[in-house]
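**Student:** This is the structure alone, sequence omitted:
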Ligand SMILES: [Fe+2]
């Protein structure tokens, strides 16, 4: 009898990886459950589905695991209607994940290993391919539900969260899109960007409200090396891209070095890309880093008066840069003057390690009233990507209130409009939360009118929902 030694790097030590254990520990079961227990009362006019994606490796990763950049995607869906709730969750079934399920173990190496399985293990169609990772976000646009990867093609899902397949928009956007597209609530357009390791290194595209491609991938000029950008913003006039000096360095990998190179002396620049296709305007600043934008808007939509951008500012990208400067993060405001090419920045909050900023999506591209985001109260036992509070900031007044969630670790807040009411002070903020004491998970509903008071309703989830990344509220009537 012969035994086959599995090829590829050995599995990582999941038990001691903070993003593979504890509240991040992946779940395996795909379940459907109805009539969930509600503590408090779900708003009777709340009608729709909250979806949230996140890295959830089906098998113990091989060789390396870098949260939040990799892991199989799992979409969790919570349907609310007539005061009741039901839940479903599904993996995003890429061909790579299905090959691993068939094998009963991980076949692809972690991102830092560069290992891909051969044809003897996964057949000629998957051999040599890197793993698709549609595990970051989920959006609905043009009648399609999309699980989003980082500058790769998304995967389309059915309303029941079954995986339909890779989405290239009729072949018009083959290289993929970013994980944080922005839908303009006024035009219905979805605007995306995509970075790549080969020229053109950075492109942007526009999908019409019907999902058809309105602008094919268009190069952003004078970006002459591969740069990592995670999020974007829009205004009525511009697409806003913040280019921190985090570059892909393929040659360094060949020498055994890091794929990503942080070059703080280069500073940070912002591209204001006219949505009408005009010449790109650039503005420059001392170095800063951002993963996530909250929103941007034109100072004056009828004139070139500049752009205001609210975002979470870091001194450097954690884990992807040398630890030579203290890591601080908080909400900042940048005033970008395209005529002068300048960026004026100031903090709107104390830096507390916040992340996942959201606004009422109906305000994307114009002045917003409130930014909500995950925050920390100062506990020392929370890991990266874990929050025990939600902070609500009114940038115009500087007023901030915090819901301290106690034993709950909370995720990205998502705004649910009150049907028929165009007011960000009405409606609700929702998210998943998990109790650190017993690992029960909850869907929490926080009233926008008084968010500091905490949830008016909690839905007990039938299984733990691991801490994850980004989500969306899909109104039933849309
Ligand atoms: Fe993100």
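**Tutor:** Structure received. Quick caveat: nothing in here was measured; it's all calculated off a predicted structure.

**Student:** Buried residues in stretch 153-160, which are they?
**Tutor:** 153, 154, 155, 156, 157 (16 or more other CB atoms under 10 Å). Just so you know, the C-beta spots here come from the backbone N, C-alpha and C atoms, and that holds for glycine as well.

**Student:** Skipping adjacent residues, who's closest to the second one in space?
**Tutor:** In other words, residue 154. residue 146 (4.1 Å; CB to CB, 6 or more residues apart in numbering).

**Student:** Got phi/psi on the one you found?
**Tutor:** With angles defined as degrees, to the nearest 10, residue 146 sits at phi -120, psi 130.

**Student:** can you tell me the distance between the two ends of stretch 359-367?
**Tutor:** For stretch 359-367, the first-to-last residue distance is 10 Å (CA to CA, to the nearest Å).

**Student:** hang on, I meant stretch 435-443
**Tutor:** 11 Å.

**Student:** who touches that stretch?
**Tutor:** Applying CB atoms under 8 Å, 6 or more residues apart in numbering, the set of residues contacting stretch 435-443 from outside is 23, 50, 78, 85, 407-409, 430-434, 458-461, 463-465.

**Student:** Where do the helices of the stretch 151-300 of the chain begin and end?
**Tutor:** Ranges of helices within the stretch 151-300 of the chain are 250-254, based on DSSP state H, counting those that start in this stretch.

**Student:** can you list the weak-confidence ranges in it?
**Tutor:** Regions of the stretch 151-300 of the chain meeting the criterion pLDDT under 70 are absent.

**Student:** leaving aside the residues next to it on the chain, what's closest to residue 196?
**Tutor:** Using CB to CB, 6+ apart, the nearest residue to residue 196 is residue 175, at 5.9 Å.

**Student:** Pull the contacting residues for that neighbour.
**Tutor:** Residues in contact with residue 175 (CB under 8 Å, 6+ apart) are 151, 152, 153, 194, 196, 203, 217.

**Student:** Going by distance to residue 292, which of the residues you listed wins?
**Tutor:** Here the nearest of the contacts of residue 175 to residue 292, counting by CB to CB, is residue 151; it sits at 15.5 Å.

**Student:** if we can go back for a sec, of the contacts of stretch 435-443, buried ones?
**Tutor:** 23, 50, 78, 85, 408-409, 430-434, 458-459, 461, 463-465.

**Student:** Buried residues, stretch 61-76. List them.
**Tutor:** Applying 16+ other CB under 10 Å to stretch 61-76 flags 61-65, 67-76 as buried.

**Student:** Now for those: which two are most distant?
**Tutor:** So, these by CB to CB: farthest apart are 63 and 76, at 27.4 Å.

**Student:** Give the burial count for residue 349, as a bare number.
**Tutor:** Residue 349 is flanked by 20 other residues according to other CB atoms under 10 Å.
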